[in-house]
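Q: Starting from these lines, generate the structure:
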Amino acid sequence: MPSKRYKKALELVDARKAYPLKSAVDVLTKFPKAKFNETVDLAFRLGVDPKQSDQMVRGTVPLPHGSGKTVRVLVFAKSGPSADAARAAGAEFVGFDDMIKKCQEGWSDFDVAVATPEAMGEVRKLGKVLGPRGLMPNPKTGTVTDDTARAVKEVKAGRVEFKVDKAGNIHVAVGKVNFAPAAIEENPVR
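A: Numbering: from 1, shown residues only. Predicted coordinates:
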């Protein structure tokens, strides 16, 4: 049985109508509020067949107003300029052998992992641990790089990843309900 809050939200929306972004955000601001800060997601039906490799849609995009989420970053880098730059950029966890050992023991108290190309030789062995959780560094998403400072800053600023699902749809978070309506509109338009 639907809740009262859900029923009130349904009254505000005409399911047969397609809303432009500005109108959709206006309707969103009128929805009844939850007891927590809800995430605003966009969903797109692309009409592609994700089983075909040439129709796979995947990438990252920086959000100008951030995602509203606090991101904890782990950087796999040997001691030196890359590790120091990552610490200066705000990475919570930086290390090499010690961090690899922690991850092998099941630790995953971070949201994004970044690695230098030279560290990937050892980090690759963590594929069975980090891969299923979606935490494995990947050059396609910009998390395998020599410029660890830039990667950490981008992730902290609100870069989000998107990938087509099995049904040919993309879902991506573009902010939080407590954002100003203009910020919610500008995030996905970028």
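Q: alpha carbons only for contacts and neighbour counts from here, please
A: Fine.
Q: List of residues touching the helix or strand hosting residue 121?
A: For residue 121, the element it lies in under DSSP states H and E is helix 120-123. Helix 120-123 is contacted from outside by 76, 100, 115, 144, using Cα atoms under 8 Å, 6 or more residues apart in numbering.
Q: Next: stretch 145-162.
A: Outside stretch 145-162, the residues that reach it (Cα under 8 Å, 6+ apart) are 58-73, 75, 82-83, 85-91, 112, 114-117, 139, 141-143, 170-173.
Q: Just the buried subset of those, please.
A: Buried residues within the contacts of stretch 145-162, counting neighbours by 16 or more other Cα atoms under 10 Å: 61-68, 71-73, 75, 82-83, 85-87, 89, 91, 112, 114-117, 141-143, 170, 172-173.
Q: so where do the strands sit in the protein?
A: 39-45, 58-62, 73-76, 93-95, 112-115, 159-163, 169-176 (DSSP state E).
Q: got the angle for the first one vs strand 169-176?
A: Between strand 39-45 and strand 169-176, the angle formed by their directions is 160 degrees, by axes from the mean of the first three to the mean of the last three Cα atoms, to 10 degrees.
Q: distance of the residue positioned nearest the centre of the chain from residue 61?
A: By Cα atoms, centre = their mean, the chain has its centre lying nearest to residue 160, at 3.5 Å. In this structure, residue 160 and residue 61 are 6 Å apart, going by Cα to Cα, to the nearest Å.
Q: Next: residue 27.
A: On the measure of Cα to Cα, residue 27 and residue 61 end up 25 Å apart.
Q: What of residue 147?
A: For residue 147, the distance to residue 61 - Cα to Cα - is 18 Å.
Q: So what's the residue count around the nearest residue to residue 86 once chain neighbours are set aside?
A: With sequence-adjacent residues excluded and distances taken as Cα to Cα, 6 or more residues apart in numbering, residue 86 is closest to residue 149, at 4.7 Å. Per other Cα atoms under 10 Å, the neighbour tally for residue 149 reads 22.
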